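# how would this look folded up:
(chains A and B, ligands or ions: 2)
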Amino acid sequence: MALLEVTNLGIAFGGLQAVSQLDMKIEKGHLYGLIGPNGAGKTTVFNMLTGVYKPTEGDIILDGKNITGKSPEKICKAGIARTFQNIRLFDKLTVLDNVKAGLHNQIEYGAITGVLRLPSYFRKEKAMDERAMELLKIFHLEQEAHLPASSLPYGKQRKLEIARALATNPKLLLLDEPAAGMNPHETEELMETVRFVKEHFKIAILLIEHDMNFVMGICEHITVLDYGRVIASGTGDQVRNNPKVIAAYLGGD
Amino acid sequence: MKKLCDRFTGLNKNTKRDLANYLIVVVAFVIMQIAVSGGFLSNSLQGLLVPICAYVVMAISLTLIVGILGELSLGHGAFMSIGAFSGVLCTIATEQSIPSDGMRLFLGFVVGTVMAALLGLLIGIPVLRLKGDYLAIVTLAFGEIVKNVMNVLYVGMDANGIRAAIDDEAKLNLAEDGQVIISGAMGVASGRKIATFAIGIVLILVSLFVVQNLVRSRTGRAIMAIRDNRIAAQAMGLNVTKYKLIAFTISAALAGAAGVLYGHNYSAFQASKFDYNMSIQILLFVVLGGMSSFRGAMISATILTILPEMLRGMKDYRMLIYAVVLIVIMIFNQSPKMIQWREATLQKLPKIPFLSKDTAKGGK
Ligand SMILES: Nc1ncnc2c1ncn2[C@@H]1O[C@H](COP(=O)(O)OP(=O)(O)OP(=O)(O)O)[C@@H](O)[C@H]1O
Ligand SMILES: [Mg+2]
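Ligands and ions are numbered 1, 2, ... in the order given. Next comes the predicted model:
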């Protein structure tokens, strides 16, 4: 059985049908790409998968469990984590604390334990620090651990978002334009890291990206959206040569 | 001593900053004690010592909502009111059964704090769904509602127990030997002045302990994450409502405790004391203190409570000077140039551990 099974998913904002009849299957341990022209509905798909928007039709099944229309909090606990196209970090918290906030449901203790600093407070905080530093190291952010997140340059902020999402221990990781605003060197490095993360954590990754080299370079399977509908789906080569895809990208509006 | 100093310098900067705050409070206490026993303090300033403690706790409490949770509350005086009235009611009602003042006051603190916390929880559930301006307006209305209810509430006690009524003292139906404790708009008229400066200082230390440890815990991190980005916080699996409620309830509880302290410093006080003006005043302490700095809030609460008293001789110029001081504090705490200057100056100072650059910035 597939890790994520999406059937006939759709959403309308008033009169605008932003996404319709979307079918998608995601297997454990694979890398998927979601591409399409601006306004095609890619981010909207992420927002439905993570509970930010409630779909008006269709089903989302994660690991055999129907999570359609559940709250973002429940969906995170069920095993989907994400990053945001317009970076959403906890700006005033340190880089380390951003990741520790992601560990919130992984290492737990209550408010009273925290205020009274019972022995388990120190134990769990230490465990959190260690786990968070491990994640930061993967993204070469350990030097910046104690800086406020907002002080990081753009590229590092994107990496921190991925580290924070990984901290929630997801089965499926959604990346919304992870390479946006990065220079070619940083993009190259990010591709390596994304591959590493997939192997190391044995999770599935679905990513939205406009950088075709990036998508073609690492995604095993690509779905192309245009006007909220799937117009093609398959390997990089299959998609690249599909006339509908060429038309969508060249034809503009 | 050397060893202690070394251990202190070895701590991380947040811990240092927190410890420095306790130290500042204790040092302030010692200085004031010396001033009092040496007769350096005027009577009116001495009378302000306990209220200052109460306002400092209020400022700490509201900083939790405004600076840490990032929401605006304009009705914080209401929680202080509930704490003051229920605490005083408790100490008066138990006068026969518990002879020790200390024990009764302790019980008063428990009752006042719990009552305010319950009210905070109750009001927080519907109110915290609102955001920004809407929340501010509703908390403002809440403060006025509490004030108006307390204005018509009568509570009395006789051999049969405690009774409450709305609107009219006669409705209490007290027996001959009965005693009215809370008397509508007249408030409490036979209060017990059993609060002391030392108790006030202990309350400040306890409040600091609660909020500072909270902020450095998993719960505090969740609260601040929600402040910084609600959507991302939800996506990370945080229960937004739960953590907003926790912050709001703890803040209400501390405000209740401040009210108990305040109420036991006067033989008489009225509900009208805890009105809109009081809530705004406390918000002023928090804003001038730098919004999310407990230290800043404590300092501005102290200065702005003493100031009107010091300026009493200036008559007409009093409010003018008060306003100028407000502006100066604002610039000192908020202007980037000033903050830079402060840091540079502090670096030139000899290395006293708790005044070194890391710790002296407050919550910045
Ligand atoms: N909350 C909303 N209310 C109304 N319309 C919306 C909403 N969210 C998205 N849309 C519309 O849905 C369509 C798809 O938007 P979406 O953000 O998913 O595009 P995208 O494929 O991510 O584009 P881009 O590559 O520019 O990020 C757009 O026409 C957008 O205006
Ligand atoms: Mg998008």
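# Spatially central residue for chain B, please.
Residue closest to the mean C-alpha point of chain B, counted by C-alpha atoms, centre = their mean, is B:M58 at 1.3 Å.
# Could I get the pLDDT score of it?
For B:M58, the pLDDT comes out at 98.
# Longest helix in chain B, please.
Looking across chain B with DSSP state H, the single longest helix is helix B:101-127.
# just to revisit the earlier point, do whichever strand or helix holds the residue nearest to the centre of chain B and chain A meet?
In the assignment (DSSP states H and E), B:M58 maps to helix B:43-63. No - against chain A, helix B:43-63 shows no contacts by C-beta under 8 Å from any C-beta of the partner chain, the least distance being 13.9 Å. Where you see a C-beta, it was placed from the backbone N, CA and C, and this is true even at glycine.
# Enumerate the positions of that helix that are buried.
B:45, B:48-63 (16 or more other C-beta atoms under 10 Å in any protein chain shown).
# any idea how far the closest residue to B:Q212 other than its chain neighbours is from A:A232?
The shortest distance from B:Q212 to any non-neighbouring residue, by C-beta to C-beta, 6 or more residues apart in numbering or on different chains, is to B:D18 (4.5 Å). For B:D18, the distance to A:A232 equals 58 Å [C-beta to C-beta, to the nearest Å].
# And for B:M186?
For B:M186, the distance to A:A232 equals 80 Å [C-beta to C-beta].
# Of the two, which one has the most company?
Neighbours per residue, other C-beta atoms under 10 Å in any protein chain shown: of B:M186 and A:A232, the larger number sits with A:A232, 21 against 15.
# In a helix, that one, correct?
No - counting by DSSP: H, G, I helix; E, B strand; the rest coil, one finds A:A232 to be strand, located in no helix.
# Please, which helix or strand holds the spatially most central residue of chain A?
Nearest to the geometric centre of chain A sits A:L174, at 2.1 Å (C-alpha atoms, centre = their mean). Counting by DSSP H and E, the element that carries A:L174 is strand A:172-176.
# what lines up beside that strand in the sheet?
Using DSSP bridges, strand A:172-176 pairs in its sheet with strand A:80-82 (parallel), strand A:204-208 (parallel).
# Name the next helix or strand downstream of the first one, please.
Proceeding C-terminally, strand A:80-82 gives way to helix A:95-102 as the next helix or strand, assigned by DSSP H and E.
# who does that following helix touch, helix- and strand-wise?
Packing partners of helix A:95-102 (3 or more C-beta pairs under 8 Å, 6 or more residues apart in numbering or on different chains; DSSP states H and E): helix A:119-138, helix A:154-167, helix B:218-228.
# Out of those helices, which gets nearest to ligand 2?
Ligand 2 lies closest, by C-beta to the ion, to one member of the helices and strands packed on helix A:95-102: helix A:154-167, at 14.2 Å.
# in the closest one, what counts as buried?
A:155-167.
# Could you export those residues to a markdown table, including columns for distance to ligand 1 and pLDDT?
Below are the buried residues of helix A:154-167 laid out as a markdown table (distance: C-beta to the nearest ligand atom, whole Å; pLDDT from 0 to 100):
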| residue | distance to ligand 1 | pLDDT |
| --- | --- | --- |
| A:G155 | 19 | 91 |
| A:K156 | 22 | 94 |
| A:Q157 | 18 | 96 |
| A:R158 | 15 | 95 |
| A:K159 | 20 | 95 |
| A:L160 | 21 | 97 |
| A:E161 | 16 | 97 |
| A:I162 | 18 | 97 |
| A:A163 | 22 | 97 |
| A:R164 | 21 | 98 |
| A:A165 | 18 | 98 |
| A:L166 | 22 | 98 |
| A:A167 | 25 | 98 |
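# Kindly reformat those as TSV containing distance to ligand 2.
Below are the buried residues of helix A:154-167 laid out as TSV (distance: C-beta to the ion, whole Å):
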residue	distance to ligand 2
A:G155	19
A:K156	21
A:Q157	17
A:R158	14
A:K159	19
A:L160	20
A:E161	15
A:I162	17
A:A163	21
A:R164	19
A:A165	17
A:L166	21
A:A167	23
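# Between those, which sits nearest B:A78?
A:R164 (37.7 Å; C-beta to C-beta).
# Local confidence estimate at the residue in the stretch 51-200 of chain B positioned nearest to ligand 1?
Closest to ligand 1 within the stretch 51-200 of chain B is B:K131: 17.3 Å, counting by C-beta to the nearest ligand atom. At B:K131, the model reports a pLDDT of 76.
# and the closest residue to it other than its chain neighbours, helix, strand or coil?
Nearest residue to B:K131, sequence neighbours excluded (C-beta to C-beta, 6+ apart): B:E71, at 7.8 Å. Recorded secondary structure, B:E71: coil (three-state DSSP).
# what about the strands in the stretch 101-250 of chain B?
In the stretch 101-250 of chain B, the segments counted as strands under DSSP state E, counting those that start in this stretch are B:153-158, B:161-166, B:179-183.
# Could I get the phi/psi values of the residue located most distally from the centre of chain B?
Note on chain B: the largest C-alpha distance from the chain mean falls to B:E176, namely 39.1 Å (C-alpha atoms, centre = their mean). Main-chain torsions, B:E176, degrees, to the nearest 10: phi -50, psi -50.
# Check the gap between it and B:N160 for me.
Between B:E176 and B:N160 the computed distance is 12 Å (C-beta to C-beta).
# returning to that earlier point: isn't the residue nearest to B:Q212 right next to B:R216, touching?
Yes - taking contacts as C-beta atoms under 8 Å, B:D18 lies within contact range of B:R216: 7.4 Å.
# what's B:N333 in contact with, if anything?
Contact analysis of B:N333 by C-beta atoms under 8 Å, 6 or more residues apart in numbering or on different chains lists B:288-290, B:296, B:300, B:339.
# Closest residue of the stretch 201-350 of chain B to ligand 2?
Counting by C-beta to the ion, the stretch 201-350 of chain B gets nearest to ligand 2 through B:I231 (14.6 Å).
# The residue of chain A found nearest ligand 2: how many residues sit nearby?
Nearest residue of chain A to ligand 2 (C-beta to the ion) works out as A:T43 at 3.1 Å. Residues near A:T43, counting by other C-beta under 10 Å, number 19.
# and the gap between B:G263 and chain A?
Distance, B:G263 to chain A, by C-beta to the nearest C-beta, to the nearest Å: 25 Å.
# excluding its backbone neighbours, what's nearest the residue in the stretch 101-250 of chain B that chain A sits nearest to?
Proximity of the stretch 101-250 of chain B to chain A (C-beta to the nearest C-beta) peaks at B:S217, 2.7 Å away. Closest residue in space to B:S217, ignoring its immediate chain neighbours: A:G114 at 2.7 Å, by C-beta to C-beta, 6+ apart.
# Surely the one you found is within a helix?
Yes - applying three-state DSSP, one finds A:G114 inside a helix.
# I figured it hits B:Q212, correct?
No - counting by C-beta under 8 Å, A:G114 stays clear of B:Q212, with 10.9 Å between them.
# hmm, back to that, tell me which element the residue nearest to B:Q212 falls in.
Secondary structure assignment for B:D18, by DSSP H and E: helix B:13-37.
# mind listing what's buried in that helix?
B:16-21, B:25, B:28-29, B:32.
# A:L207: what's it in contact with?
Contacts for A:L207 were tallied using C-beta under 8 Å, 6+ apart; they are A:31-34, A:174-176, A:178, A:194, A:215, A:219.
# Nearest to A:K77 among those?
In terms of C-beta to C-beta, no member of those lies closer to A:K77 than A:L174, at 15.3 Å.
# In contact with that closest one, which residues?
Neighbouring residues of A:L174 by C-beta under 8 Å, 6+ apart: A:46, A:49-50, A:80-83, A:205-207.
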